[in-house]
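Student: The following block contains a protein sequence and its predicted model.
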Amino acid sequence: MTGPLKVEPIPEAAIIALAALLHDGWHEAHDHLVPSYDAATRSRVRFAERLYAARLSGRMV
C-alpha cells in the first residue's frame with residue numbers, strides 16, 4: 001500500500017455484518033476467560049447496539 005491511509009465512517013448497512021464478526025471473534029477469544037453470565041451478555045444484538053451508539057456519538061469512524 002502506498003500513500004496515506006484514508007479512514008471513512010462505517011456505512012450503516014455494514015453494522016450488522018460487523019457486529020456478527022465482532023461477536024464471533026469475541027466469543028472465540030474470550031469465552032474461556034470470563035464467567036458464563038458475562039459471555040451471555042455479549043450477543044450479536046448487543047454488539048450492534050454498541051456499534052450504532054458509537055457511530056452516532058462520533059466515537060468511531
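Tutor: Cool, got the structure.

Student: drop to CA atoms for contacts and neighbour counts, all remaining ones
Tutor: Noted.

Student: can you give me phi and psi for Y37?
Tutor: phi -70, psi -30 (degrees, to the nearest 10).

Student: how close does it sit to S43?
Tutor: Separation of Y37 from S43 (Cα to Cα, to the nearest Å) stands at 11 Å.

Student: what do you get for I10?
Tutor: Applying Cα to Cα, the value for I10 to S43 is 20 Å.

Student: what does the helix or strand of the chain with the lowest mean pLDDT rub up against?
Tutor: Within the chain, no helix or strand scores below helix 36-40, which has a mean of 84 by mean pLDDT, DSSP states H and E. Helix 36-40 is contacted from outside by H27, H30, D31, using Cα atoms under 8 Å, 6 or more residues apart in numbering.

Student: how far does the helix or strand following that helix sit from the chain's center?
Tutor: Per DSSP states H and E, helix 36-40 leads on to helix 44-57 as the next helix or strand towards the C-terminus. Between the centre of helix 44-57 and the centre of its chain there are 7 Å (Cα atoms, centre = their mean, to the nearest Å).

Student: Tell me the helices and strands packed up against helix 44-57.
Tutor: Counting contacts by 3 or more Cα pairs under 8 Å, 6 or more residues apart in numbering; DSSP states H and E, helix 44-57 packs against helix 15-30.

Student: For the helix it packs on, list every residue counted as buried.
Tutor: Within helix 15-30, the residues that qualify as buried are I15, I16, L18, A19, A20, L22, H23, H27, counting by 16 or more other Cα atoms under 10 Å.

Student: Include distance to L56 and pLDDT when you put those into a markdown table, please.
Tutor: Shown next, in a markdown table, are the buried residues of helix 15-30 (distance: Cα to Cα, whole Å; pLDDT from 0 to 100):
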| residue | distance to L56 | pLDDT |
| --- | --- | --- |
| I15 | 12 | 94 |
| I16 | 15 | 96 |
| L18 | 16 | 95 |
| A19 | 15 | 96 |
| A20 | 19 | 97 |
| L22 | 18 | 95 |
| H23 | 20 | 95 |
| H27 | 25 | 93 |
